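Undergrad: Dropping the sequence and predicted coords here.
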Amino acid sequence: ADPGRLLLGPLHRHAATGFHLDAVYHRLFVRPVLAGAELVRFLDREVIDTYVRGTALGANGLGRLVRRAQTGNVQTYVSWLLAGSAALVIAVVVLSTTNAGS
């Protein structure tokens, strides 16, 4: 006969399973930690990664626009410079005439 069974009597069954401490530990610590990890994983993949991907797409699109403007043709650069200067002059004239009437 098993001396432990004789010594513990009806408690032997619980002692053999570690008094169910593994189940208690699992419920008190493991489950909440796993739930928290799932929450963090969701936030990382669905929230943070969305912003990271959006930033990458924005930078990629901006790079395409800048690349398109870089033709190497000096006449094109001068034309854009003159057009921008003309737009600034027109904006200054319009703003100065509207503010002069105030």
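TA: Ah, there it is.

Undergrad: List the contacts of the most centrally placed residue in the chain.
TA: By Cα atoms, centre = their mean, the chain has its centre lying nearest to Ile48, at 1.1 Å. Contact partners of Ile48, counting by Cβ atoms under 8 Å, 6 or more residues apart in numbering, are absent. C-beta: built from backbone N, CA, C; applies to glycine.

Undergrad: can I see the domain layout of the protein?
TA: Domain assignment for the chain, taken from automatic domain parsing, gives 3-70, 73-102.

Undergrad: can you list the ones you listed in JSON lines and add mean pLDDT?
TA: Putting those into JSON lines (pLDDT from 0 to 100) gives the following:
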{"stretch": "domain 3-70", "mean pLDDT": "92"}
{"stretch": "domain 73-102", "mean pLDDT": "92"}
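
Undergrad: how much space is there between the residue nearest to the centre of the chain and Phe42?
TA: With the distance defined as Cβ to Cβ, to the nearest Å, Ile48 ends up 10 Å from Phe42.

Undergrad: Also Gln75?
TA: For Gln75, the distance to Phe42 - Cβ to Cβ - is 54 Å.

Undergrad: One more: Ala1?
TA: Ala1 is 54 Å from Phe42, by Cβ to Cβ.

Undergrad: From the opening residue of stretch 15-27 to its closing one, how far?
TA: End-to-end span of stretch 15-27 (Cα to Cα, to the nearest Å): 19 Å.

Undergrad: Look up phi and psi at Ser73.
TA: Just so we're on the same page, residue 73 is Asn rather than Ser. phi -90, psi 110 (degrees, to the nearest 10).

Undergrad: Would you map the strands across this structure?
TA: Counting by DSSP state E, the chain has no strands to list.

Undergrad: Break down the protein into its helices, ranges please.
TA: 3-8, 12-16, 21-25, 31-42, 49-69, 74-100 (DSSP state H).
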